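>>> what follows is a predicted structure for the sequence shown.
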Amino acid sequence: MLFVYGTLKRGDVRDYLLADQWFVEEIRTAALYRMFNTGSYPALIEARPLGLEGRSIVGELWQIDRACLVRLDEEEGVGEGLYERRAIELLGEYDAVEAYFYVPTVDGMPDCGEYWPVVR
């Protein structure tokens with residue numbers, strides 16, 4: 001399962017990448033993360049390693065197949081080191097959920113709060 005929190009959410013600019021997948025529900029993370037605005041998309045990070053207070057981020061939970069995961073890894077720049085996909089802690093009864101975490105520094109980027117707005 002995959003937690004999405006930005007431009008992959010329903011109604012946002014890259015939602016077409018999940019068009020043939022299975023939406024589960026809107027959901028929040030545990031209050032362990034922060035989200036920053038890169039300019040055109042959000043950057044999710046773990047808060048504690050940077051000494052920040054964590055927030056509960058609002059997003060969507062999706063059941064996706066392997067082919068979609070390969071497409072998303074390419075789109076998210078995993079091979080180039082822009083994002084890395086790893087486990088995320090959600091509120092609720094879900095195990096084995098992953099999300100895309102931003103790898104470069106977020107220094108100087110504005111905080112998004114708990115929700116990335118739909119940009120359409």
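Here it is on my side, so go on.
>>> from now on I want contacts and neighbour counts done on CA atoms only, so please keep to that.
OK.
>>> compute the first-to-last residue distance for stretch 20-37.
Start and end residues of stretch 20-37 are separated by 28 Å (Cα to Cα, to the nearest Å).
>>> which residues are contacting that stretch?
Contacts of stretch 20-37 with the rest of the structure, by Cα atoms under 8 Å, 6 or more residues apart in numbering, involve 42-48, 53-65, 68, 88-91, 106, 109-114.
>>> give the buried residues for it.
23, 27, 28, 29, 30, 31, 32, 33, 34, 35, 36, 37 (16 or more other Cα atoms under 10 Å).
>>> tell me which stretches of this structure form helices.
Taking DSSP state H, the helices of the chain run over residues 66-75.
>>> remind me which residues of it are low pLDDT?
Where the chain drops to pLDDT under 70, the residues are 118-120.
>>> mind listing the strands for it?
2-4, 22-28, 33-37, 42-46, 58-63, 83-87, 98-102 (DSSP state E).
>>> would you list the ones you listed in JSON lines and tack on distance to residue 16?
Output for the strands of the chain, formatted as JSON lines (distance: least, Cα to Cα, whole Å):
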{"stretch": "strand 2-4", "distance to residue 16": "13"}
{"stretch": "strand 22-28", "distance to residue 16": "12"}
{"stretch": "strand 33-37", "distance to residue 16": "21"}
{"stretch": "strand 42-46", "distance to residue 16": "18"}
{"stretch": "strand 58-63", "distance to residue 16": "13"}
{"stretch": "strand 83-87", "distance to residue 16": "19"}
{"stretch": "strand 98-102", "distance to residue 16": "17"}
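>>> residue 74 is nearest to which of these?
Among these, the nearest to residue 74 by Cα to Cα is strand 83-87 (9.9 Å).
>>> show me what counts as buried in stretch 58-67.
In stretch 58-67, counting by 16+ other Cα under 10 Å, buried: 58, 59, 60, 61, 62.
>>> gap between the residue nearest to the last one when sequence neighbours are not counted and residue 103?
Sequence neighbours aside, residue 23 is the residue nearest to residue 62 in space, at 4.6 Å (criterion: Cα to Cα, 6 or more residues apart in numbering). From residue 23 across to residue 103, the span is 26 Å (Cα to Cα).
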